[in-house]
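**Student:** Give me coordinates for this.
(one chain, ligands or ions: 1)
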Amino acid sequence: MPSLKGKSAIVTGSTSGIGLGVAEALAAEGADLVINGFGPADEIERERARLAKDYGVKVIYNGADMSKPDEISGLAAAAKQAFGKVDIVVNNAGIQHVSPIEEFPSQKWDAIIAINLSSAFHLIHDTFADMKSRKWGRIINIASAHALVASPFKSAYVAAKHGVLGLTKTVALEGAEFGVTCNAICPGYVLTPLVEKQIPDQAKARGISEEAVKRDVLLAAQPTKQFVTTAQLGAFAVFLCSEAAMQINGAALPVDGGWTAH
Ligand code: NAD
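**Tutor:** Below is the predicted model:
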């Protein structure tokens, strides 16, 4: 029997990239899902229907903008209405902007802090009491290797991801006696649209070619010289939802090919 049958999960930013990989892995283990994120309506509906059909689970879509606390409350309420409870929250939605700090637009700073950090607080705020009262919950924050180390030109992202670790540790302590764990997965580079989009900006900021950015900037930091895959992150998220992972709590867990071992 799939290990997450009867559980329900919200995965934010799951119309693309890592979120979609994690959503798929949870569905494959039988979890019902709320998927979230932006994109063309027909493509999102195609993915929603595919996940439901391929894995025999219920999947609903909620288009909450994760920069807006009232829409995040609406997302939590929609999940509860559809499934009666929320067992698993994966805070994954995120954006990036790459620019030297003196040129970094303040509205980009605000948007990155809102989407990459504050949204996790708001969704946990809206689902935590129920998890505690049912004595089971799993909160997984998709942080980054940039929650542990910095790179130039990513001030807002690095600040937000370091903040996610602080939130993760606090929530872990508050949930510990109630069967609720909270951990941060810290991926290295994964070749998703988020990374593909920053390659031209990195090339401009550093004055090098896009190929050189991939080779000398992105994978230079990753000792395995390979991108992390969304399937690897999905499998790890499934493990964190297992009973075997009950004592993993408040941890920053790198999946980065050895990047942060430097
Ligand atoms: P992606 O661009 O492929 O996907 C981002 C998802 O977030 C999409 O579904 C998008 O629609 C959604 N999103 C963006 N803004 C939103 C908003 N305001 N409201 C709701 N949804 C919104 O990116 P990805 O690489 O899959 O990144 C997912 C997470 O993983 C991010 O938090 C990112 O920081 C983190 N991460 C990515 C990498 C990497 O190398 N790709 C590495 C470490 C951490």
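**Student:** contacts, neighbours, all on C-alpha from now
**Tutor:** Fine.
**Student:** Show me what from the stretch 1-150 of the chain comes close to the ligand.
**Tutor:** Residues of the stretch 1-150 of the chain found near the ligand (C-alpha under 6 Å from any ligand atom) are 13-19, 37-38, 64-67, 92-95, 115-116, 142-144.
**Student:** Swap in 8 Å and give it another go.
**Tutor:** The stretch 1-150 of the chain comes close to the ligand at residues 12-20, 36-39, 63-68, 91-96, 115-116, 142-146, as judged by C-alpha under 8 Å from any ligand atom.
**Student:** In strands, which of the residues you listed appear?
**Tutor:** The strands, defined by DSSP state E, take in Asn36, Asn91, Ile142 from these.
**Student:** and which of those is nearest Ile199?
**Tutor:** Comparing these against Ile199 with C-alpha to C-alpha places Ile142 closest, at 21.0 Å.
**Student:** need the contact list for that closest one.
**Tutor:** Taking C-alpha atoms under 8 Å, 6 or more residues apart in numbering, we find Ile142 in contact with Val90, Asn91, Asn92, Ala184, Ile185, Cys186, Pro187.
**Student:** redo that, cut-off 7 Å
**Tutor:** Applying C-alpha atoms under 7 Å, 6 or more residues apart in numbering to Ile142 gives the contacts Asn91, Asn92, Ala184, Ile185, Cys186.
**Student:** possible to save the ones in strands among the residues of the stretch 1-150 of the chain next to the ligand as JSON lines with pLDDT?
**Tutor:** Below are these laid out as JSON lines (pLDDT from 0 to 100):
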{"residue": "Asn36", "pLDDT": "98"}
{"residue": "Asn91", "pLDDT": "99"}
{"residue": "Ile142", "pLDDT": "98"}
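**Student:** Is Cys182 located within a helix, as I assumed?
**Tutor:** No: using DSSP: H, G, I helix; E, B strand; the rest coil, the secondary structure at Cys182 is strand, not a helix.
**Student:** What segments of the chain are helices?
**Tutor:** For the chain, the helices defined by DSSP state H occupy 17-28, 41-55, 69-83, 106-113, 119-134, 155-175, 193-206, 210-212, 230-240.
**Student:** any idea which of those helices is most buried?
**Tutor:** Among the helices of the chain, the stretch with the highest mean neighbour count (mean count of other C-alpha atoms under 10 Å) is helix 17-28, at a mean of 25.
**Student:** how far out from the middle of the chain is it?
**Tutor:** From the chain centre to the centre of helix 17-28 is a distance of 10 Å (C-alpha atoms, centre = their mean, to the nearest Å).
**Student:** again with stretch 232-249
**Tutor:** The answer for stretch 232-249 is 14 Å, by C-alpha atoms, centre = their mean.
**Student:** how long is that stretch end to end?
**Tutor:** One end of stretch 232-249 to the other measures 20 Å (C-alpha to C-alpha, to the nearest Å).
**Student:** I would like the residues contacting it, please.
**Tutor:** Residues contacting stretch 232-249 (C-alpha under 7 Å, 6+ apart): Gly21, Val22, Ala25, Leu26, Arg138, Ala172, Thr181, Cys182, Asn183.
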